[in-house]
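Engineer: With the sequence up front, the predicted model follows.
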Amino acid sequence: MADPIPLREWTPERRAAWNAHVHRTFKESTRETYQRGLDMFDEWRGDDPITIENIEAWLTALENMGYAPRTVTLRAHGLRALKSFWVAEGILPSTEPDWPRKNSALHDGPVTTPLTSDERSALRYAASQLHSEQGVRMRDAALIGCLLDAGPLRVSTICRLPITAVEWPTPQWSTPPPMDQIQAATRLTDPATRRSTHLSAETGDALARYLWSEDGWRSIRYHADGPRGQFLWPAMSHRRAQRPLTRQGVFTICSAAGERAGISRPVGPDLLRRIP
C-alpha cells in the first residue's frame, strides 16, 4: 500500500485537479457537502496522515459528538470520493483497501434512539408554542402529530398534501368530533399513490381543531385575489400564490420544537417517524 498522503502536502496542481473533478462530477450541493467534510477531517486530524484507522476514528468521533447518522454517512461518502480520485490519478494503487463506509439506515447509535412517550408528548406541546400567531401554532402542533404517526408516508409527501388528503369518519361535521370517533377513522392518504396512515386520537383532534377553527387553517392560507390555496400545510407567504411548507421548513419546525421540549439529541422528521 502506498504511503498515506496528508491533505496539506498536496501540490497546487493536485488540488486544482481535485476541484475540477468535483465540479465536473457532482452537483453543487454535493460539492459543498464533500468539501465541508474534507475540511472538517483535515482540521480534526491535524498533522496526522490520512489512514483508514484515522478515518474510522474521525467518523466515530462525529457520532459521539451527536451528529446525525445521515451527516456521518455523507462525510464518509466525501472521503471515499477522494480515495476514488486518488486511485484514478495514480496517487494510490488500485489495490488500496476500501475506506470506511457508513450506512445511516443501519445506524443504531444514541442519536437515532426513538423518542419516548414523554418526549413525544413534550414535543407536541412545544410545537404549539413556537409562533406568535395562533393559526401557525395550531398548524405546527398538527404537523408534528402527523409526523409522529406518519407510517409509510414520507416527509416530502406530507409537505404537498391537500386538505382533501384528510379522511374523516363523517365529512358533514362542522366542528371537531369527539376524540373516540377520531381515533377510529381519521387518516391521511396520498392522492398520488393512495398510500395512507391512520392517525392517533391526539393527532386527529389537533388536526380537526386546526382545520375547522377560524383561527387555524383559514387564518393562514393565502387571502389575495383568486383561488385560495388548498395545501394542508401552507407556508406564511406574501407572494401572489400560496406555497406549501418545504422539507427544510418542516425540519426547522422539528428542530425548534425539539429544542423547546428539552430533547438533548438532534430532532428531525426521520427521528419523529421512528416507532418507540
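Structural biologist: Yep, that arrived.
Engineer: give the contact list for the closest residue to Ser128 other than its chain neighbours.
Structural biologist: Closest residue in space to Ser128, ignoring its immediate chain neighbours: Ala141 at 3.9 Å, by Cβ to Cβ, 6 or more residues apart in numbering. C-beta here means a position set from N, CA and C on the backbone, and glycine is covered the same way. Ala141 makes contact with Arg124, Tyr125, Ala127, Ser128, Ala206, Tyr210, according to Cβ atoms under 8 Å, 6 or more residues apart in numbering.
Engineer: which of the residues you listed are buried?
Structural biologist: Using 16 or more other Cβ atoms under 10 Å as the burial test, those include Arg124, Ala127, Ser128, Ala206, Tyr210 as buried.
Engineer: Can you say which helix or strand has the fourth one in it?
Structural biologist: So that's Ala206. Assigned by DSSP states H and E, Ala206 falls within helix 201-212.
Engineer: Show me what that helix is packed up against.
Structural biologist: Where contact means 3 or more Cβ pairs under 8 Å, 6 or more residues apart in numbering; DSSP states H and E, helix 201-212 is packed against helix 134-148, helix 179-185.
Engineer: Least reliable of these by average pLDDT, please.
Structural biologist: Mean pLDDT across these is lowest at helix 179-185; the value there is a mean of 59.
Engineer: just checking, next helix/strand downstream of it?
Structural biologist: Proceeding N to C from helix 179-185, the next assigned helix or strand is strand 187-189, under DSSP H and E.
Engineer: Let me know the average pLDDT across that next one.
Structural biologist: 84.
Engineer: got it, and stretch 219-235?
Structural biologist: The average pLDDT within stretch 219-235 is 67.
Engineer: First-to-last residue distance for that stretch?
Structural biologist: 12 Å (Cα to Cα, to the nearest Å).
Engineer: can you list contacts of stretch 116-126?
Structural biologist: Looking at what lies outside stretch 116-126 - Cβ under 8 Å, 6+ apart - the contacts are 115, 141, 144-145, 148, 202, 206, 257-258, 260-263, 267, 272, 276.
Engineer: Off-centre distance for stretch 123-141?
Structural biologist: Put simply, stretch 123-141 sits 19 Å off its chain's centre (Cα atoms, centre = their mean, to the nearest Å).
Engineer: CA atoms only for that stretch, dumped as PDB, please.
Structural biologist: Once non-C-alpha atoms are left out, stretch 123-141 reads as follows in PDB (Å, rounded to 0.1, in the frame of the first residue of the first chain):
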ATOM      1  CA  LEU A 123     -42.700  17.700  21.500                       C
ATOM      2  CA  ARG A 124     -46.400  18.000  20.700                       C
ATOM      3  CA  TYR A 125     -46.800  20.700  23.400                       C
ATOM      4  CA  ALA A 126     -43.600  22.500  22.400                       C
ATOM      5  CA  ALA A 127     -44.800  22.700  18.700                       C
ATOM      6  CA  SER A 128     -48.000  24.500  19.800                       C
ATOM      7  CA  GLN A 129     -45.900  27.300  21.400                       C
ATOM      8  CA  LEU A 130     -43.400  28.100  18.700                       C
ATOM      9  CA  HIS A 131     -45.000  31.000  16.900                       C
ATOM     10  CA  SER A 132     -46.700  34.200  17.900                       C
ATOM     11  CA  GLU A 133     -49.800  33.600  15.600                       C
ATOM     12  CA  GLN A 134     -52.300  31.100  16.900                       C
ATOM     13  CA  GLY A 135     -53.000  29.700  13.400                       C
ATOM     14  CA  VAL A 136     -49.300  28.800  12.900                       C
ATOM     15  CA  ARG A 137     -49.100  27.300  16.300                       C
ATOM     16  CA  MET A 138     -52.100  25.100  15.600                       C
ATOM     17  CA  ARG A 139     -50.600  24.100  12.200                       C
ATOM     18  CA  ASP A 140     -47.200  23.200  13.800                       C
ATOM     19  CA  ALA A 141     -48.900  21.100  16.600                       C
END
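Engineer: Appreciated, that's everything.
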